[in-house]
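Undergrad: Structure of the sequence below:
(one chain, ligands or ions: 1)
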Amino acid sequence: MVGLLDGKKALILGVANQRSIAWGIARAFHTAGATVRISCQEERLKQKIERTEEGRIVDKIHLCDVSDENSVKSLFADIAKDWPVLDILVHSIAFAPMQALENRFSLATKDDFLSTMAISAYSLIEVSRYARALMQGQGGSIMTLSYLGGDRVLPGYGIMGPAKAALESCVRYLSYDLGPEKIRVNAISAGPLKTLASSAFGNFNEALKLIEEKTPLRQNITIDDVGGLATYLASDLSKRVTGSIHFVDSGAHIMGG
Ligand SMILES: NC(=O)c1ccc[n+]([C@@H]2O[C@H](COP(=O)([O-])OP(=O)(O)OC[C@H]3O[C@@H](n4cnc5c(N)ncnc54)[C@H](O)[C@@H]3O)[C@@H](O)[C@H]2O)c1
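TA: Model prediction:
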């Protein structure tokens, strides 16, 4: 992978800590030669990453809360000050209120449903709009993170299921809208990984066990596996690939029963 992203500039949204999928992607992009910037939702998270030795692989750490449009606007304004062109955008953000994940699906409130959709799906449209302006008609690669629970019922995934379904549909419509400008939009559907976000879901350990017992490869994935696929999607190796959901889940998505 060394050299695959030489000269490219990548912005990765959604690092909470070094277990984050976004962090695995940042590491892979750095190894492949890209200049990498990341964003964290809160100052507290940003400071933690800054203090680590590994944090040095990133050029700069920004703050961005996608529930606040001014925060998104100022992130991209900051990026534009330093980078005339952005090549790669990674959206690795999701949120659902805890009570909505704990309750029965049929008890989901309108507010919980809308906030889950806004942060986990709509935000992809918003950040893509800002990224498009920075891609300056020279093309680019945008990607987001999804999960099989957007397509099938996975007990415990609850309200995040419809949000991932919407996110995957946004990938298809964004890819059609931005394609004439040579901007590609794809989703990575990753297998279960122990992260801050996944700790909110019931049945999580069961999901990890199922991957080891029932999938073709019988192995759980790592954030570096996601980084590998993301590097391919960011690079010219995938220059005619857009609008698709790419699985890195040891083959879990092909299984029935
Ligand atoms: N961990 C898994 O098993 C798994 C599997 C497939 C897909 N995913 C997806 O991968 C993505 C990253 O999740 P992760 O597992 O790395 O967990 P994570 O907790 O490390 O990352 C989630 C990120 O979303 C950010 N976020 C939430 N609300 C935000 C807001 N309002 N503004 C800005 N950022 C906000 C959090 O701060 C965090 O950085 C998510 O979309 C998740 O659904 C996770």
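
Undergrad: buried ones in the lengthiest helix in the chain?
TA: The longest helix of the chain (DSSP state H) is helix 160-178. Within helix 160-178, the residues that qualify as buried are 160-164, 166-168, 170-172, 174-175, 178, counting by 16 or more other Cβ atoms under 10 Å. C-beta: built from backbone N, CA, C; applies to glycine.

Undergrad: That one: what's the following helix or strand?
TA: Going down the chain from helix 160-178, the next helix or strand is strand 183-190, by DSSP states H and E.

Undergrad: who in the stretch 51-200 of the chain is up against the ligand?
TA: Residues of the stretch 51-200 of the chain lying close to the ligand by Cβ under 6 Å from any ligand atom are 64-67, 92-95, 119, 145-147, 190, 192-193, 195-198.

Undergrad: Can you select the buried ones from those residues in PyMOL?
TA: To isolate the buried ones among those in PyMOL, judged by 16+ other Cβ under 10 Å, type:
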select buried, resi 64+65+66+92+93+94+95+119+145+146+147+190+192+193+195+197+198
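
Undergrad: where are the low-confidence patches of this structure?
TA: Scanning the chain for pLDDT under 70 picks out no residues.

Undergrad: if we go to 90?
TA: Across the chain, the ranges flagged by pLDDT under 90 are 1-2, 53-55, 136-137, 200-204, 257.

Undergrad: Can you identify each of the strands in this protein by residue range?
TA: For the chain, the strands defined by DSSP state E occupy 9-13, 35-40, 60-63, 88-91, 140-146, 183-190, 245-248.

Undergrad: Out of these, flag the one nearest G228.
TA: Of all the strands of the chain, strand 245-248 sits nearest to G228, with 7.8 Å by Cβ to Cβ.
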